[in-house]
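Colleague: Let's see this in three dimensions:
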Amino acid sequence: MEVTITGLHVDLSAEAKAIIESKLSKLAHYASINDRLTVTVAFEQTYQIKGHLMSCHATSEADDLQTAIDRLVEKLNHQLSRKKSKT
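Modeller: The predicted model follows:
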């Protein structure tokens, strides 16, 4: 699974990107090697994170990055498990 992390109006440190990638690694068992996970992190007054993987889309918002990414992973995990159980 290829992971692309983009910051929109925010500079993400290497440490922040590593944290995001480690949290997103929980989703790897749903994806094949060729699948791409795209994550966009924006910060205005709160962190807004959007994720796209295998036609599943999720958005989360929180005051801190850790909480926002945890919510995103939870939402994508739920969608992917439902999708996988249908096939």
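Colleague: what's the following helix or strand after the least confident helix or strand in the chain by mean pLDDT?
Modeller: In the chain, no helix or strand scores lower on mean pLDDT, DSSP states H and E than strand 47-53, which sits at a mean of 86. Toward the C-terminal end, the helix or strand that comes next after strand 47-53 (DSSP states H and E) is strand 56-62.
Colleague: buried set for that following strand?
Modeller: Cys56, Ala58, Ser60, Glu61, Ala62 (16 or more other C-beta atoms under 10 Å). For glycine as for every other residue, the C-beta is placed from the backbone atoms N, C-alpha and C.
Colleague: Now for this protein: which helix has the highest residue count?
Modeller: Longest helix of the chain, by residue count under DSSP state H: helix 65-86.
Colleague: That one - contacts with which helices or strands?
Modeller: Under the contact criterion of 3 or more C-beta pairs under 8 Å, 6 or more residues apart in numbering; DSSP states H and E, helix 65-86 touches helix 14-24, strand 36-43, strand 47-53, strand 56-62.
Colleague: List the buried residues in the first one.
Modeller: Okay, so that is helix 14-24. Going by 16+ other C-beta under 10 Å, helix 14-24 has these buried residues: Ala16, Ile20, Leu24.
Colleague: What distance do you get for the second one to Leu27?
Modeller: Read it as Ile20. 12 Å (C-beta to C-beta, to the nearest Å).
Colleague: now the angle between strand 56-62 and the longest helix of the chain, please.
Modeller: Per axes from the mean of the first three to the mean of the last three C-alpha atoms, to 10 degrees, the angle that helix 65-86 makes with strand 56-62 is 160 degrees.
Colleague: between helix 65-86 and strand 47-53, how many degrees?
Modeller: Using the same axes, to 10 degrees: helix 65-86 against strand 47-53 is 20 degrees.
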